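Peer 1: Need a 3D model of the following:
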Amino acid sequence: MLAVGEMVVLAVSGGVDSMVLLSLLLRLRARYRTSLHVAHLDHGLRGTESAEAAVFVQRQCEAYQVPATITTADGGTLRNRPGGSVEAAARDLRYRFLERVADEQGATRIAVGHHRDDQAETMLMNLLRGSGVRGLGGIPPVRGRIIRPLIECSREEIERFARSEGIPYVEDSSNQVLSYSRNRIRLELLPELAKRYNPRVAEALASAATILEAEDALLTAMTEEHLPAVVLSRSSRELVLSVPGTAVLPTALRRRIIRRSAQLLRGDRPGLSFQQTLALERLLFSESARGAVHAGGGIRATKAGGRMILSLGESEASDSVRSFPLTVPGQSAVPEFSLSLRTDILERWTMDQLALDPWTALLDADRAGRELLVRGWEPGDRFIPLGMSGHKKLQDFFVDAKVPRHERWTVPLVVAGRDIAWIVGFRVDERFKVTDSTRRILRIRAAKGATAHRLGSPLNDR
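Peer 2: Numbers count the residues shown, from 1 in each chain. Now for the predicted structure:
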């Protein structure tokens, strides 16, 4: 959890867990030569009590000569936040605050005071929600730069240590409010389980969480290992899975592949539920290729010719469009499209140099300029096809060119300003064509594979 010489930000609420954590790290400070910085966030949810806790933490830090960042949030904003619980909103805000303080202080570690009873409560909460192995793995001892030094200590041990060492702390009255689900689990469910079934239930649940965390890590590694073999293509808006390759995998791994594929499209947004995962799995095995499955987060799944295509709906796709700068002259890798583009400025040329193929574009260099971007299709895109005088919707162009709907998101566009200069592999825009008055030519050559060296190969089998 901790190496010599690291900078550590401590999350200190003023409660017994965080004050014991502060005391222990102060004792270890000389041995590990660490620098400590306390972070305290007053959520503004408990009125005078939370303000008094902030003052308490400030005074303790002054007594221990530990620098601190203490901030107050707007409790009303948390209560009125649409969707989700106040608990979840407060937790998200707290972790964002801790990450910000760590960035400001150049900290390599963020220490928080979770303990074994928190682990048991989290596992039970996730079990009641129907979580899989990942959720039942509970709270990891280390995640990124967050560390939990007390995770194997019980609440009773921590409180006993605080009493024996005379460590001051403040009580949080909200911990007794039964309207919070975690409090009901801690104050009602766990004591009942301990009384009627297993007096060491918290320890048993924490042990199970540790086992499941390790098994989740193994399944995650296996998923990442198998994923490249079954993903046929991927862009920011679409991912294509091999049906035969995915179907033969063990059930647990197959479902992980499906969920991971959706996550690659959706990023940090909520992933698939178990029922949504099952729906996609049924589509994978269905003999009919008709219809589509609409899963969570805007994911749409269809089947065609041994492939299962996961794509984002138009509204979701337009939110996730990414642009990549094109080096002029030079070579650019565009990993989103598995593409390599080489550009040259031709001051003088011969007909041999201008030999055309679908993967080479010749543009008027002065009209195109050097501030070029590569991106994918956005709904509403228009251009003027070479040889025409009027604009045409890119969607209509794709229909005429017989580009399947599920492949349109994967076609790269070279863009100059707000104008499409080249639909890679298809057509140059009329406004950027080479004319008799052209003084310099911008030649762009495309190849499949972001690290391709031989340019001029087709992007796909179309």
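
Peer 1: Show me the strands in the stretch 151-300 of the chain, by range?
Peer 2: For the stretch 151-300 of the chain, the strands identified by DSSP state E, counting those that start in this stretch occupy 231-234, 238-242, 293-294, 299-304, in order along the chain.

Peer 1: can you tell which of these is closest to K195?
Peer 2: Shortest distance between K195 and the strands of the stretch 151-300 of the chain, using Cβ to Cβ, is found for strand 299-304: 44.7 Å. Bear in mind the C-beta positions are built from the backbone N, C-alpha and C, glycine included.

Peer 1: list the buried ones in the closest one?
Peer 2: The neighbour-count check on strand 299-304 (16 or more other Cβ atoms under 10 Å) flags I299, R300, A301, T302, K303 as buried.

Peer 1: Same check on stretch 145-164?
Peer 2: The neighbour-count check on stretch 145-164 (16+ other Cβ under 10 Å) flags 145-151, 153-155, 158, 161-162 as buried.

Peer 1: Of those, which belong to helices?
Peer 2: Using DSSP state H, R155, I158, F161, A162 are the members of these that sit in helices.

Peer 1: shouldn't the last one be in contact with D17?
Peer 2: The reference is to A162. No: applying Cβ atoms under 8 Å, one finds A162 not in contact with D17, separated by 9.1 Å.

Peer 1: for R300, what are its contacts?
Peer 2: Going by Cβ atoms under 8 Å, 6 or more residues apart in numbering, R300 touches A292, V293, H294, L310, S311, L312, G313.

Peer 1: pLDDT at the closest residue to L26 other than its chain neighbours, what is it?
Peer 2: Setting aside the residues directly before and after it, L26 is nearest to Y64 in space (Cβ to Cβ, 6 or more residues apart in numbering), at 6.1 Å. The model reports Y64 with a pLDDT of 92.

Peer 1: do the same with R255
Peer 2: 94.

Peer 1: Based on its surroundings, how many neighbours for it?
Peer 2: Residues lying near R255 (other Cβ atoms under 10 Å) number 21.

Peer 1: Kindly report the same for G144.
Peer 2: For G144, which is what you asked about, the neighbour count (other Cβ under 10 Å) is 9.

Peer 1: which phi and psi does it have?
Peer 2: phi 60, psi -130 (degrees, to the nearest 10).

Peer 1: A214 versus that one, what's the distance?
Peer 2: 18 Å (Cβ to Cβ, to the nearest Å).

Peer 1: Which parts of the stretch 351-462 of the chain are helices?
Peer 2: Here the stretch 351-462 of the chain has its helices, by DSSP state H, counting those that start in this stretch, at 365-368, 394-400.

Peer 1: Can you give me the buried ones in stretch 199-210?
Peer 2: Buried residues in stretch 199-210, counted by 16+ other Cβ under 10 Å: V201, A202, E203, A204, L205, A206, A208, A209, T210.

Peer 1: Please read the previous query as pertaining to stretch 14-31.
Peer 2: Of the residues in stretch 14-31, G14, G15, V16, D17, S18, M19, V20, L21, L22, S23, L24, L25 count as buried by neighbour count, 16+ other Cβ under 10 Å.

Peer 1: quick one on the thing from earlier: what is the nearest of the ones in helices among the buried residues of stretch 145-164 to Y197?
Peer 2: The nearest one, if we look at these relative to Y197 and count by Cβ to Cβ, is R155, at 19.2 Å.
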